[in-house]
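Q: Generate a structure from the sequence data that follows.
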Amino acid sequence: MSAYLLAFMAAMAVGGVSSRSNSFRTPAITLLRTPHEGIQPQTVLDREGVLHMIYFRGDASAGDIEYVSRRPGQKDFDSPIRVNSEPGDAVAIGTVRGPQLSLGRNGRVYVIWFGARAQFAGPANAMPVLFSRLNDSHTGFEPEQKLMRYAKGGDGGLSVAADGWGNVYAVWHATGSEPGEDHRRVYLARSPDDGKTFAREVPISPAELGACGCCGMRAFADDLGTLYVLYRTAAQNIHRDMTLLVSTKRGETFNHRALGPWELNACPMSTAYVSEGGNRVLAA
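A: Residues are numbered from 1 along each chain as shown. Here you go, the predicted model:
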C-alpha cells in the first residue's frame, strides 16, 4: 500500500448530508509522505491548523500505530508517539481494518483499532476492539482499553468520534443474534468523560439490515453535537446499501436512511468517510 496520503480530501466528497451551507470552495490538495513509510494514514486538521495523523507500521497482522502532528508553518512532523501500549497488538490486514482517529475537546486525540489475534486469548476468529487516548499532558497515550465486551465477531468496520462536550463514541459492527452478514449489527460504546470510561456496547442499527462484514465504516460528530455513523448494510446478503445512522440525542436514539443502494451478493470491502467543512457535513 502506498505511503502517501491526501492531507485534505474534500474534493472527493460525493454527498452532502446536511445543508447548513454557504458556497463551497475547492481547497488546494497537498501530497505528503507519512513518516517511516507508514501505511493506512488517518488525519484530522483542527481549528488552529494543526495536522494530526496516525499510521500503521510493521507486520500487518501484528504491528504498531504511531501518532504525529504538524503545526502551521512547520515542514516536518513532530517525533512519533506509539499509540498502542502493548507492542505489536494492532492489525491492518486488508484495506479497511486499520486504526481510526478522532479529535475531541481541548485537543485530545482518540484512536480505535482491532487488536492482533495472537495477543489475546479467545476464539481464533476474534479480534478485540481496542482504544486509547492522548494523556492530559499530550506527551503520550494512556494504557489501551478493550471495548468489545458483549458483541463478538468484529471484522472490517470500526470508528471513533468525539464532540465538543466530552462525549466519545466508539462504533464497530459485529455478529448479531445469529451468524451471517444479514444478522450483523452496528454497536456503540459511549463515554461521557472524554474517553476515560465507556459504557457497555449496545446495538444501534436496525437488525433487519445486517452489516457488510468486511466493509469499513465511519463515525463523526459535527459542531452541533449530532452523531453520524455511515456503514454498508447486508440485508438478505444482497442489499448492500450505504446507510447513515443519525443521532441528535448523544447516541441514545438513532434515525436511519439509505444513501446509496447496491445489490451485490458479495462483500466489496468498501470504505466510508464523513467530515465537516464549509458548514456542511459531507459523506463519501
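
Q: drop to CA atoms for contacts and neighbour counts, all remaining ones
A: Fine.

Q: and the end-to-end length of stretch 98-112?
A: Chord length of stretch 98-112, first to last residue, is 9 Å (C-alpha to C-alpha, to the nearest Å).

Q: Kindly report the same for stretch 31-39.
A: Termini of stretch 31-39 sit 14 Å apart (C-alpha to C-alpha).

Q: got the buried residues for it?
A: Buried residues in stretch 31-39, counting neighbours by 16 or more other C-alpha atoms under 10 Å, are found at 34, 35, 38, 39.

Q: who's in contact with residue 151?
A: 174, 175, 176, 187, 201 (C-alpha atoms under 8 Å, 6 or more residues apart in numbering).

Q: hang on, the earlier thing: widest-spaced pair of the buried residues of stretch 31-39?
A: Using C-alpha to C-alpha, the buried residues of stretch 31-39 reach their maximum pairwise distance at 35 and 39, which is 9.3 Å.

Q: Go through the contacts of residue 151 and give me the one with the most neighbours.
A: Within the contacts of residue 151, residue 174 tops the neighbour count with 28 neighbours, counted by other C-alpha atoms under 10 Å.

Q: where's that one relative to residue 42, distance?
A: Residue 174 is 23 Å from residue 42, where distance means C-alpha to C-alpha.

Q: before we move on, what about residue 102?
A: 9 Å.

Q: So which of the buried residues of stretch 31-39 sit within strands?
A: Among the buried residues of stretch 31-39, the subset assigned to strands under DSSP state E consists of residue 39.

Q: Which one of the buried residues of stretch 31-39 is nearest to residue 228?
A: Among the buried residues of stretch 31-39, and counting by C-alpha to C-alpha, the member closest to residue 228 is residue 39, at 25.9 Å.

Q: The helix or strand hosting residue 161 pairs with which strands, parallel or anti?
A: Assigned by DSSP states H and E, residue 161 falls within strand 158-162. Partner strands and pairing direction for strand 158-162 (DSSP bridges) are strand 168-174 (antiparallel).
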